[in-house]
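# Attaching a predicted model along with its sequence, questions to come.
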2 protein chains.
Amino acid sequence: MKDNNEMPGHLARRFQQIAVAVFLAEVEAVGFDLTPVQYAALAAIELNPAIDQATLAGLIAYDRTTITGVVDRLVQKGLIARRASKRDRRARELEITNQGKTTLQAITPAVEAAQRTLLRGLNEKEAEQLMRLLQKAISAGNELSRAPLRETAAERA
Amino acid sequence: MKDNNEMPGHLARRFQQIAVAVFLAEVEAVGFDLTPVQYAALAAIELNPAIDQATLAGLIAYDRTTITGVVDRLVQKGLIARRASKRDRRARELEITNQGKTTLQAITPAVEAAQRTLLRGLNEKEAEQLMRLLQKAISAGNELSRAPLRETAAERA
DNA sequence: TACTGATGATCAGTATGCTGATCAATATCA
DNA sequence: TGATATTGATCAGCATACTGATCATCAGTA
């Protein structure tokens, strides 16, 4: 069997493992308690007012069943509000609260620091190259996971 | 806020998400039911007979509390055996079973196919480069997660 | 309009992965 | 030796992710 370091799947797992640890450490250091997943959802909701959960899931490539719990916790923390849609009674519209906006602003520097820390072993050029290659591989594999990235209705227009 | 595609943490999550989906699909296609995590543990146990759980965890960078459940499931599937160590009565020694060896051999082609599928968007040179950059970033961040990669006693000698 | 299929949300169940705790056993050092 | 610290394994609790199911609602069509 090959060395683990020759297995892209293993590297993917390790990189993600470190990414989460770094994110949580940086965010906790500025006094907040938000996971990477919760942060991504919160940021997406701010940029897309009244978004429904299914669209949100496609926007950040989450599984639709995972979104339910994530939204639950964001609501519970008072960072977003969930209300029934009038257009479609199946859907729930999500809206960021003032506290959510404040939180987002406050942790943005920590989030950016986390991204730098994650790539601290690479120089500028290497970091740029890694991002490009990851984007390319992810783009080619997008449809292989149950939670592919989807365009918003606005982007399709 | 930056586009998600400019956030290495987001890319890490997506890449890992696709890696797991591809692995499970390829392995299931040849009639087996084994997760990436279970596979890595099983392969490491075969290469390191009588390894204890803590060393195993360090070898493949798993959290020690996660290992307990993974080992449970491998034992339950009959792929490994767990017995008390005589040298250290706290430790459990792990050994692959014949069925475990057979399973490993049988799924190895599928595992290798999964690695290729994961990188199908990249050419040979790009794939090699991505692996190298990931290794470098991971190496620099190794100590930042709770479950860093550790040398085995044999490697330290 | 009635039927059929698709969609939004949720649920139960399972598997990682983590935090922090506990317990037994071992190692270390005053 | 005896006190202390460390280590191996496990546990409870929480948060992602997934599979597959259900339920309500909506959309398209015969």
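Alright, I've got the coordinates.

# For the residue nearest the centre of chain A, which residues are in contact?
In chain A, the centroid-proximal residue (C-alpha atoms, centre = their mean) is A:A40; its distance is 3.2 Å. Shown in contact with A:A40 (C-beta atoms under 8 Å, 6 or more residues apart in numbering or on different chains): A:60, B:4, B:10. (Each C-beta comes from the backbone N, C-alpha and C, glycine too.)

# Please, which helix or strand holds it?
In this structure, A:A40 sits in helix A:36-47 according to DSSP states H and E.

# Just the mean pLDDT for that helix, thanks.
The average pLDDT for helix A:36-47 rounds to 97.

# cool, and stretch A:108-118?
97.

# Get me the contact residues on chain A for DNA strand C.
Residues of chain A lying close to DNA strand C by C-beta under 7 Å from any atom of the strand are A:13, A:17, A:20-21, A:24, A:52-55, A:64-65, A:67-68, A:71, A:82, A:85, A:88, A:90-92.

# quick one, phi/psi of the nearest residue to A:D33 once chain neighbours are set aside?
What sits nearest to A:D33 in space, not counting adjacent residues and going by C-beta to C-beta, 6 or more residues apart in numbering or on different chains, is A:V27, at 7.5 Å. Main-chain dihedrals, A:V27, degrees, to the nearest 10: phi -70, psi -40.

# neighbours of A:Q38, just the number please.
19 (other C-beta atoms under 10 Å in any protein chain shown).

# cool, and A:A127?
A:A127: 19 neighbours (other C-beta under 10 Å).

# rewinding a little: so which of the residues of chain A next to DNA strand C would count as near DNA strand D as well?
Restricting the residues of chain A next to DNA strand C to contacts with DNA strand D (C-beta under 7 Å from any atom of the strand) yields A:65, A:88, A:90.

# just to revisit the earlier point, against A:S145, how distant is the residue nearest to the centre of chain A?
16 Å (C-beta to C-beta, to the nearest Å).

# which regions of chain A lie under the pLDDT threshold?
For chain A, residues meeting the criterion pLDDT under 70 lie at A:1, A:152-157.

# Tell me where it has helices.
A:8-29, A:36-47, A:53-60, A:64-76, A:98-118, A:124-141, A:153-156 (DSSP state H).

# closest one to B:E151 among these?
The closest of those to B:E151 is helix A:8-29. By C-beta to C-beta, the value is 15.5 Å.

# That closest one packs against which elements?
The contact analysis (3 or more C-beta pairs under 8 Å, 6 or more residues apart in numbering or on different chains; DSSP states H and E) places helix A:8-29 against helix A:36-47, helix A:98-118, helix B:8-29, helix B:36-47, helix B:98-118, helix B:124-141.

# Nothing else from me, thank you.
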